[in-house]
Structure formats: structure tokens, C-alpha cells
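[1] sharing a sequence plus its predicted fold:
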Amino acid sequence: MWTSEPYLFHSRLSKALNLKLIDPKTVIQAATTAYHDGRAPLNSVEGFVRQILGWREHVRGISWLHTPDYLDRNTLQDHASFTEFYWTGETNMACLNDAIHQTLEYGYAHHIQRLMVTGLFALLLRVDPKQVHEWYLAVYVDAVEWVKLPNSLGMSQYADNGVMASKPFVAMRRYVQRMSSYCGSCRFDPAKSKCEDAYPFTTRY
Ligand SMILES: Cc1cc2nc3c(=O)[nH]c(=O)nc-3n(C[C@H](O)[C@H](O)[C@H](O)COP(=O)(O)OP(=O)(O)OC[C@H]3O[C@@H](n4cnc5c(N)ncnc54)[C@H](O)[C@@H]3O)c2cc1C
């Protein structure tokens, strides 16, 4: 995660795939052809194909099996209301500020921002997973309910009791620091869990 780099190494293909403007098979063939022509390295192509053929199809299967009951799951019994700043980005936490502003401006955030910044903080705040799901559905241009539900309610909030992910995605205190450029400009210290400068992720964790 890098400030001022909303797209970084991501393809931005999800909206076209979800709207059926482009077929997953076409995308995968283009990537494997690039590999065979020597235009893309194996590790990049393998990761990309796995995202689409692996994750996206897995998510489709989960939706197929568990919708519509899926939406009502709340394994951790979280009932807090959604935080107002998710609609404005106005917070002193640099990671949330950046990920939310970017989301509201472009209708896009990549997977780790969704999972380990906005999703993780909502999980730590114990927000009602249905409200979290509705926020994700409202703000991203690639939002389609069959893809969104297993990702937001399942992977990000663990509301499905492990159908989508074997354990909750709850990070150790230094995760965001290690994986991003956010913490350098933040008034909070990720290493502190008490006192005024304590990083709210760390305190909540
Ligand atoms: C809380 C949360 C909500 C999400 N909501 C959506 C959503 O509404 N629609 C959506 O398409 N994706 C969703 N995702 C998955 C993922 O974040 C997006 O597919 C990805 O960020 C789209 O950007 P990209 O096209 O640049 O992807 P890249 O990073 O370039 O990945 C390539 C492609 O792999 C597929 N892919 C990768 N991971 C997943 C996944 N977990 N589920 C489904 N497809 C995946 C996508 O089709 C994507 O276009 C969500 C993830 C989380 C954690």
C-alpha cells in the first residue's frame, strides 16, 4: 500500500469482468500468452491467473451455495453502528484516511486496502457485518452482490464462521506499518497501545 499510488500493480479488471464486458477465459489466455511470448514472468502470471481462476471462481461457488442466507450471518455477534468517517475519510489515521479518500474519489481500492485497512478496522470496532457489507456495496465500482458478499461478510468480517476463510483476518499491530507507506505521516505510533499517540488498530487489537 503506497500513498498516491491507488492502483500500483493491480489490473483494474474487476468491474469489466463483473459487468461481463470481458470474459475470465480471455483475460487468462492473454496473460498465459504473454508468459509464453516472454513478455511476462512466470510468478506474475501465476499469481494473476490464481486470483481469477482460483479466488474469483471460489467466491462464485460460495455465493452459489450459500446465498441468500449468507447475508444474515453474524458469527461474532457484532452489533456496533458503522463509523461516520467511512463516508468522508476524515480521520487522523493515515491508512484509513488514504484508503477511504481514494475509495470515495475513484470507487477503487485494491484487495489489501479493503481487507486489512477498512475491513480490519470495522472488524476491530465490532461493526454489524451487514452494515459493513452495505458500505462496500455502495462505494466500489466493481460491487456486485455475488462477489461482494463472501468477501465483505465472509473474508473480511468472519461473519460466516469460516466458510470463506479458515480464520479471521485480524492483524498484529505492525502489519500496516510493514506493508505500507502510511505510518510515516501518521500522528499515531503503531507500536503503542496506550497513551495519546496509541494507534487505534493496536489498542483495539
Ligand atoms: C471486503 C472486500 C470486498 C470486495 N468486494 C469486491 C467486489 O465487490 N467485487 C469484486 O470484483 N471484488 C471484490 N473484492 C476482491 C478484490 O478486492 C477485487 O476483486 C480487486 O481489488 C479488484 O481490483 P483489480 O481488478 O485491480 O484486481 P487485481 O488485484 O488485479 O486482481 C485480478 C482479478 O482477480 C480477481 N480477484 C482477486 N481477488 C478476488 C477475490 N477475493 N474475490 C473475487 N475476485 C477476486 C478479480 O476479478 C480481479 O480483477 C473484495 C475484497 C474484499 C476484501
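    Alright, I've got the coordinates. Residues are numbered from 1 along each chain as shown.

[2] use CA for all of it now, contacts and neighbours both
    Noted.

[3] low-confidence ranges in this structure?
    172 (pLDDT under 70).

[4] now the residue nearest the centre of it: how far from the ligand?
    When CA atoms, centre = their mean is applied to the chain, the residue found nearest the centroid is residue 114 (2.3 Å). Distance of residue 114 to the ligand, computed by CA to the nearest ligand atom, to the nearest Å: 5 Å.

[5] that residue in helix, strand or coil?
    Following DSSP: H, G, I helix; E, B strand; the rest coil, residue 114 is assigned to helix.

[6] roughly how far apart are the residue lying farthest from the centre of the chain and the ligand?
    Largest separation from the mean C-alpha position in the chain: residue 37, at 32.5 Å (CA atoms, centre = their mean). Computed with CA to the nearest ligand atom, the distance linking residue 37 and the ligand is 21 Å.

[7] which ones are touching the nearest residue to residue 7 once chain neighbours are set aside?
    Closest residue to residue 7 apart from its sequence neighbours, by CA to CA, 6 or more residues apart in numbering: residue 110 at 7.0 Å. Shown in contact with residue 110 (CA atoms under 8 Å, 6 or more residues apart in numbering): 6, 7, 10.

[8] give me the subset of these that also touch the ligand.
    residue 10 (CA under 6 Å from any ligand atom).

[9] which one among the contacts of residue 110 gets closest to residue 189?
    residue 6 (23.5 Å; CA to CA).

[10] what helix or strand does that closest one sit in?
    Counting by DSSP states H and E, no helix or strand carries residue 6.

[11] quick one: it and residue 94, what's the gap?
    14 Å (CA to CA, to the nearest Å).
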